[in-house]
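# Quick one: sequence and predicted model below, then my questions.
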Amino acid sequence: MEKPSPIAILLAAVVAIFLLLPLFAVIPVSFTPARFLSMPSGNWSVRHYMALIENPAWLQATWLSIRIAVLSSAISTALALAFSLGMWMYRPLYPGAFYGFVLLPMVAPPVVSAITLYFFLTSLSKVNDVIGYDTVVGVAIAHAVMIAPFAVVLITVALAQVDRRIDLAARGFGASMTQRIFRVILPNIKFGVFTAAFLAFVLSWEEIGVTLFITSVNAVTLPRMMWMGLRDNIDPAIAAISVVLIVLVIAAIVGKTVISTLASKKA
Amino acid sequence: MRSDYLKPALLLGPLMLFLLLAYAIPFLGVVRWSVTLPELGVSNYGRAVTDPLIISVFIRTFRICFFVTVLAVAMAYMIALVWVRGSPTQRLIAELCILIPFWISVLTRAFGWVALLSNRGLINTWLTQLGVIAEPLTMVRNELGVVLGMTHFLIPFAVFPIASAMRSLDERVLLAARGMGASRMRTFWQIFLPMTAPGILGAAIMVFVFSLGFFITPAILGGGRSVMAAELIYLRLFQSPDWGLGAAISVLMMLIVGLLLALLMRYAKPGGMVK
């Protein structure tokens, strides 16, 4: 088929507007001088941005989210890397059963995972109150469960592109398992591993479906804090933090697109 | 001989053990709750399928998921078409419009819809200032808001399988159709659309499965009025401690999703889902 018809382009433009509209709607709300959700009529104000800086709760929640995301991303990437390497190097029989099992938290409805992890962490709390329900470590473990399957998918995709013959050659020269992994395979998939760790970080950073079930007052992550502001009374500070988060994402994606476009033009 | 099993186990073991301890066994614990709380037996399942209130939540959930699936897949198809076949500039714009919302968190996106649709939101303010309406329209805290918010969230997920079906299509078939004198419209309806049907089916099942377990968007945009199955579990767990029923609904939901995923594996190629 030739280029899309004008009708197809028009329809796609409508969808594009639908996709972007709610993101732009947040901007004027964040500048309202009022204490409730409204459009600024005439006079704009940055008080809700100031509130983000001045209220220590927002900064604490941000810092907590960063720590949890680093921890859970490290755990899940390490476990997923070992698993994917094992699958690639040893190719067990019935790989579908292995993948099916480790991808379970990704395909199960988030709310089922949430109640499952709630059960897990409240049981842990009875044993140890540092790693159970409503603790930083507990949230990091729960996030690691949720994001490990995504890391497995990305690292498996990266491994699929590695030429098996270089590993065979290393083996033929008598390289041990550790040497094969660290000297031969890892250097070839490092980009995939970084991508997996980054995705894991982002997924943990914005995770709320499960976090809601496993925290109450101590481990308040940034999304949890936003949820409270949205559920009880709609605080325009949520608009301000949303604008900040949207700008970060747009900057990252546009930056990446520009760099890869420039790189492909040079090549 | 022993080390032949030891080495793979060292690599495969940690993640599987971790998920077994933190996920698989606890899920069995949830299953146990469903048949032991408040008393031993299947009374929770009995309530889940007979209590009119719970049935109405399930019916609402399926109704909302149906509308969301139809809307999200149709809209995803429209933008995927330009993303795959447009000019380089069109492709770039389409890609940004798909990826930017995809990376923005579910909370921010739900809030965006609140900012757009609420009584003092963007749309009502505009319409009032233009004099089109005197009273603000009610667009959130009802099913309309939930459907819009969920559709918005799920479009990017539907785009990936559809786009991959469009990419793997053999161009020559389309050229042949055009060469034989078929009009653009006819080529689209009789060749292009049927040939990308597996992608549509895959996207539809995936969106439906995702939307069934969806919790955050309906809770915020439904405002506690259009309660869906997932929110019901939350309420049963934390508002009216009724763990057994919450667990039973979770198990039922897992069964429904498992069934749908089995269908997905059978009828649509899941390979296209991993982008």
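Yep, it's here. Numbers count the residues shown, from 1 in each chain, chains lettered A, B, ... in the order given.
# Is residue A:75 in a helix, a strand, or coil?
Judged by DSSP: H, G, I helix; E, B strand; the rest coil, the three-state class of residue A:75 is helix.
# so what's it closest to, chain neighbours aside?
Counting by CB to CB, 6 or more residues apart in numbering or on different chains, residue A:75 lies nearest to residue A:144, which is 4.2 Å off, once chain neighbours are set aside. C-beta here means a position set from N, CA and C on the backbone, and glycine is covered the same way.
# Spit out the contact partners of the one you found.
A:71-72, A:75-76, A:79, A:204, B:18, B:22 (CB atoms under 8 Å, 6 or more residues apart in numbering or on different chains).
# List the buried residues of the helix or strand harbouring it.
Taking DSSP states H and E as the definition, residue A:144 sits inside helix A:136-160. Buried residues in helix A:136-160, defined by neighbour count with 16 or more other CB atoms under 10 Å in any protein chain shown: A:136-159.
# what does stretch A:72-81 give?
Neighbour counts using 16+ other CB under 10 Å place A:72-73, A:75-81 of stretch A:72-81 among the buried residues.
# Next SSE downstream of the helix holding residue A:144?
Next along the chain after helix A:136-160, with elements defined by DSSP H and E, is helix A:164-172.
# Is there proximity between that following helix and chain B?
No. Helix A:164-172 is not in contact with chain B by CB under 8 Å from any CB of the partner chain; minimum separation 12.4 Å.
# In that helix, which residues are buried?
Buried-residue list, helix A:164-172, by 16+ other CB under 10 Å: A:167, A:170.
# and which of the contacts of residue A:144 is nearest to residue A:47?
Taking CB to CB as the measure, residue A:47 sits nearest to residue A:204 out of those, at 30.7 Å.
# now that closest one, what's its secondary structure?
For residue A:204, the assignment made with three-state DSSP gives helix.
# Same question for residue B:40.
Here residue B:40 is coil, with the state taken from three-state DSSP.
# residues touching it, list them.
By CB under 8 Å, 6+ apart, residue B:40 has no neighbours at all.
# what about the residue in chain B that chain A sits nearest to, neighbour count?
Among all residues of chain B, residue B:213 sits closest to chain A, at 2.3 Å; criterion: CB to the nearest CB. Neighbour count for residue B:213, taken as other CB atoms under 10 Å in any protein chain shown: 26.
# show me where pLDDT drops low in the stretch 1-150 of chain A?
A:1-2 (pLDDT under 70).
# ok, now with 80
Along the stretch 1-150 of chain A, the parts satisfying pLDDT under 80 run over A:1-3, A:41-42, A:129.
# Count residues in the vicinity of residue A:231, would you?
Using other CB under 10 Å, residue A:231 has 13 other residues around it.
# contacting residues for it?
So residue A:231 contacts B:219-220 (CB under 8 Å, 6+ apart).
# Which single residue in chain A comes nearest to chain B?
As assessed by CB to the nearest CB, chain B sits closest to residue A:109 within chain A, at 2.3 Å.
# quick revisit: distance from the chain centre to the helix holding residue A:144, please.
Relative to its parent chain, helix A:136-160 has a centroid offset of 10 Å by CA atoms, centre = their mean, to the nearest Å.
# does the residue of chain A closest to chain B really touch residue B:213, like I thought?
Yes. The pair residue A:109 and residue B:213 passes the contact test of CB atoms under 8 Å, sitting 2.3 Å apart.
# which neighbours do these two share?
Both residue A:109 and residue B:213 are in contact with B:230, B:253, B:257, where contact means CB under 8 Å, 6+ apart.
# Please tell me how far the residue nearest the centre of chain A sits from residue B:235.
Against the mean C-alpha coordinate of chain A, by CA atoms, centre = their mean, the closest residue is residue A:203 at 1.4 Å. To residue B:235, residue A:203 is 26 Å away according to CB to CB, to the nearest Å.
# Check residue A:26 too.
Residue A:26 sits 28 Å away from residue B:235, going by CB to CB.
# Who has more neighbours out of these two?
More crowded of residue A:26 and residue B:235, by other CB under 10 Å: residue A:26, with 26 against 16.
# so which strand or helix has the more buried one?
Taking DSSP H and E as the definition, one finds residue A:26 inside helix A:6-30.
# how about residue A:57, what does it touch?
Residue A:57 touches A:220, A:225, counting by CB under 8 Å, 6+ apart.
# try it again with 10 Å
Residue A:57 sits next to A:51, A:220, A:225, A:228 when contact means CB atoms under 10 Å, 6 or more residues apart in numbering or on different chains.
# number of nearby residues for the last one?
The local packing count at residue A:228 equals 16, with neighbours defined by other CB under 10 Å.
# Now it. Nearest residue, chain neighbours left out?
Counting by CB to CB, 6+ apart, residue A:228 lies nearest to residue A:220, which is 7.9 Å off, once chain neighbours are set aside.
# Next, the one you found: secondary structure please.
Applying three-state DSSP: residue A:220 is coil.
# Now the residue in chain A sticking out farthest from the centre. Its backbone dihedrals?
Residue farthest from the centre of chain A, counting by CA atoms, centre = their mean, is residue A:173 at 40.2 Å. Taking degrees, to the nearest 10, you get phi -80, psi 10 for the backbone angles of residue A:173.
# distance of it from residue A:85?
Remark: distance between residue A:173 and residue A:85 (CB to CB) = 19 Å.
# Which residues are in contact with residue A:63?
residue A:222.
# Could you grab the helix/strand/coil label for it?
The assignment at residue A:63 comes out as helix when based on three-state DSSP.
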